[in-house]
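[1] need the 3D shape of this:
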Amino acid sequence: QVQLVESGGGSVQAGGSLRLSCAASGGTFSRYTMGWFRQGPGKEREFVAVSIWGGGNSYYADSVKGRFTIARDNAKNTVYLQMNSLKPEDTAVYYCARFQGGSYYRSSGYDYWGQGTQVTVSS
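    Numbers count the residues shown, from 1 in each chain. Below is the predicted model:
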C-alpha cells in the first residue's frame, strides 16, 4: 500500500512562488514514476508534470512549462513541484500520484493519489 501526502500549498500573489512536496510511504519510491495533477474550480483534473523513475526525463503541461519544475529526492521518498511566476489561473487543488501504466498525461494512468493541497493565486 502506497500513501502519498502533499504539503506546501497556500495563498500567494501573482508572480510569486510556492514549492509543493509529496511524501511517499510504502514500496520502493526510487522505482516510481511520479506525477502532479491539478483541479481548478469547476474544471476537470489536468496533468501538470511527471518525473520518470531511474533518472529519466520529466515532462510538463504546456501551460506550466518554463515556470514549474518537478524534482525528486529518493533518499527522502519525496517529489517536489517548484512553482514560479504563478498566475491566477494556476489556482487549483494540486495532487501527486504514482504512475501505474498507460499515458503519463491522463489521470487514469495513476493508481495512488494524495489528498491534495490548495494553491490560490490572487491578482
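[2] what mean pLDDT does stretch 83-97 get?
    Stretch 83-97 comes out with an average pLDDT of 98.
[3] helix or strand: which one has the residue most central in space within the chain?
    Central residue of the chain (Cα atoms, centre = their mean): Trp36, 2.3 Å from the mean position. Using DSSP states H and E, Trp36 falls within strand 34-39.
[4] which strands or helices does that strand pack on?
    strand 18-25, strand 46-51, strand 68-73, strand 78-83, strand 92-99 (3 or more Cβ pairs under 8 Å, 6 or more residues apart in numbering; DSSP states H and E). From N, CA and C alone the C-beta is placed, and that goes for glycine too.
[5] now the angle between strand 92-99 and it, please.
    Interaxial angle of strand 34-39 relative to strand 92-99 (axes from the mean of the first three to the mean of the last three Cα atoms, to 10 degrees): 150 degrees.
[6] buried set for strand 34-39?
    By neighbour count on 16 or more other Cβ atoms under 10 Å, the buried set for strand 34-39 is Met34, Gly35, Trp36, Phe37, Arg38.
[7] distance-wise, check the fourth one relative to Gly15.
    So the one you mean is Phe37. The gap separating Phe37 from Gly15 is 23 Å, by Cβ to Cβ, to the nearest Å.
[8] check contacts around Gly8.
    Leu18, Arg19, Leu20, Ser21, Thr117 (Cβ atoms under 8 Å, 6 or more residues apart in numbering).
[9] swap that for Leu81, please
    Contact analysis of Leu81 by Cβ under 8 Å, 6+ apart lists Arg19, Leu20, Cys22, Trp36, Val48, Ala49, Phe68, Thr69, Ile70, Tyr94, Cys96.
[10] which one of the residues you listed has the most neighbours?
    Cys96 (30 neighbours; other Cβ atoms under 10 Å).
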